[in-house]
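> A structural model of the following input is requested.
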Amino acid sequence: MAEQGTLNPLVPGSSPGALTKNMINDLLRFTKLIHKFQKVDRRVLIPKTDRWENDLEHSYQLTLTAWYLIEKNNLKLDIVKVLKYALVHDIVEAYAGDTYIYGDQKHVSSKKSREDLAAKRLEKEFPKFKSLHKLIIAYEDRKDLESKFVYALDKLIPIVNIHLDKGRTWKKENVTLKMLIEHKSSKVALDKTVQLCFIEMVGLLKKKKSNFN
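Next up is the predicted model:
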């Protein structure tokens with residue numbers, strides 16, 4: 001029971017205070033953004049299906065995997081910062097779309113400009129979500145260990161997924177092991193733990209030639 005003199009929004013004739021005014025509209029707008037993010041396909045097939053994974057699925061996997069690796073290996077990283085980076089690392093793609101590194105090179109070269117515009121749009125649409133915009137910038141700058149770790153891990157996870165799916169995506173897209181090594185090596189090198197995983201992964205792939213055409 002509400003205390004005497006307290007407004008109860010569930011009681012007819014009562015109205016919510018300034019704090020809650022328009023909260024549901026803001027929540028609906030932000031949820032629409034998440035839905036848009038979920039519709040962005042990545043060029044990685046979901047195992048045992050014919051559909052591509054989406055950005056929301058990828059971001060969740062990256063977040064959980066980062067948490068697992070940090071705790072399992074007792075990595076000296078700020079776990080909260082890592083998890084936040086992992087959750088938002090691709091959020092600009094809700095407006096900019098995914099950029100497939102082996103795809104049309106004109107599209108690849110426009111990645112930064114498209115994502116910069118998307119980041120500005122997000123800031124304009126959600127100005128009070130200040131920490132989100134700071135994280136987007138910090139992730140792109142990659143000046144701290146946490147952003148470097150997430151960036152490197154982001155490049156490793158698709159390789160692990162496609163390997164477990166017997167290389168279907170690589171075969172479909174005509175990606176060779178040489179292409180993979182050339183595109184990924186310098187990026188995973190930003191974090192030593194991820195780089196070691198990558199080296200081991202390449203060793204497995206060299207033995208698993210059936211993963212490629």
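
> for the rest of this, base every contact and every neighbour count on C-alpha atoms.
OK.

> show me what contacts the residue nearest to residue 145 when sequence neighbours are not counted?
The spatially closest residue to residue 145, leaving aside those adjacent along the chain, is residue 77, at 7.1 Å (CA to CA, 6 or more residues apart in numbering). Residue 77 makes contact with 70, 145-146, according to CA atoms under 8 Å, 6 or more residues apart in numbering.

> how close does residue 77 sit to residue 156?
Computed as CA to CA, to the nearest Å, the residue 77 to residue 156 distance reads 18 Å.

> from the contacts of residue 77, which is closest to residue 135?
In terms of CA to CA, no member of these lies closer to residue 135 than residue 146, at 11.1 Å.

> ok, the closest one touching residue 78?
Yes: between residue 146 and residue 78 there is a contact under CA atoms under 8 Å: 6.8 Å.

> of these two, which one has the most company?
Just comparing residue 146 and residue 78: by other CA atoms under 10 Å the higher neighbour count belongs to residue 146, 23 against 11.

> so the residue most central in space within the chain is in which element?
A centroid search over the chain (CA atoms, centre = their mean) returns residue 59, at 3.6 Å, as the residue closest to the centre. Secondary structure assigned from DSSP states H and E places residue 59 in helix 55-73.

> need the contact partners of that helix.
Applying CA under 8 Å, 6+ apart, the set of residues contacting helix 55-73 is 34, 37-42, 75-77, 79, 82-83, 86-90, 150, 153-154, 157.

> hang on, the earlier thing: need the three-state assignment for the residue nearest to residue 145.
When classified by DSSP: H, G, I helix; E, B strand; the rest coil, residue 77 comes out as coil.
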